[in-house]
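1. here is a sequence with its predicted model. Questions after.
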Amino acid sequence: MNKSLSPEELAGLLAPGGNVTLLDVRRKDDYDKAPQTIANAEWKNPAEIDQWLPTMPVDKEVVIYCVRGGSVSQSVQQQLADNGIKARYVEGGLEALNKTSQV
């Protein structure tokens, strides 16, 4: 499984019948400045991953995004994968998602 996916691929996963958990993992400061998330996304503080990681589903894919799809998303994705969770991050993060009208 690839570690990342494009905003267009995410749109396909979020289509009716999709079986994916969508997480906004922007740093708290970034989230506090702009708390809007993509529809159906849940914000999780990446600094508290040890607290919420055990609640992640193992029976469906988890897709995460941060501001730009950089170090925050990649670090969280790696930690999830290391714990047996099927996880990918959105290439380009929220900035890329906001540029596409598909999500």
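-> In hand now; what should we look at? Numbers count the residues shown, from 1 in each chain.
2. Asn2 reaches Ala87, doesn't it?
-> No. The criterion here is C-beta atoms under 8 Å, and Asn2 misses it with Ala87 at 10.9 Å. For every residue, glycine as well, the C-beta is placed using N, CA and C.
3. now do the helices in the chain.
-> Counting by DSSP state H, the segments of the chain that form helices are 7-13, 28-33, 49-52, 71-82, 93-99.
4. need the ones you listed in CSV (columns: mean pLDDT, distance to Ala41 and mean neighbour count).
-> Below are the helices of the chain laid out as CSV (pLDDT from 0 to 100; distance: least, C-beta to C-beta, whole Å; neighbours: other C-beta atoms under 10 Å):
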stretch, mean pLDDT, distance to Ala41, mean neighbour count
helix 7-13, 89, 10, 17
helix 28-33, 95, 11, 12
helix 49-52, 97, 14, 12
helix 71-82, 96, 13, 17
helix 93-99, 88, 10, 18
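5. distance to Asn19 added to the ones you listed, as TSV?
-> Below are the helices of the chain laid out as TSV (distance: least, C-beta to C-beta, whole Å):
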stretch	distance to Asn19
helix 7-13	8
helix 28-33	25
helix 49-52	20
helix 71-82	16
helix 93-99	20
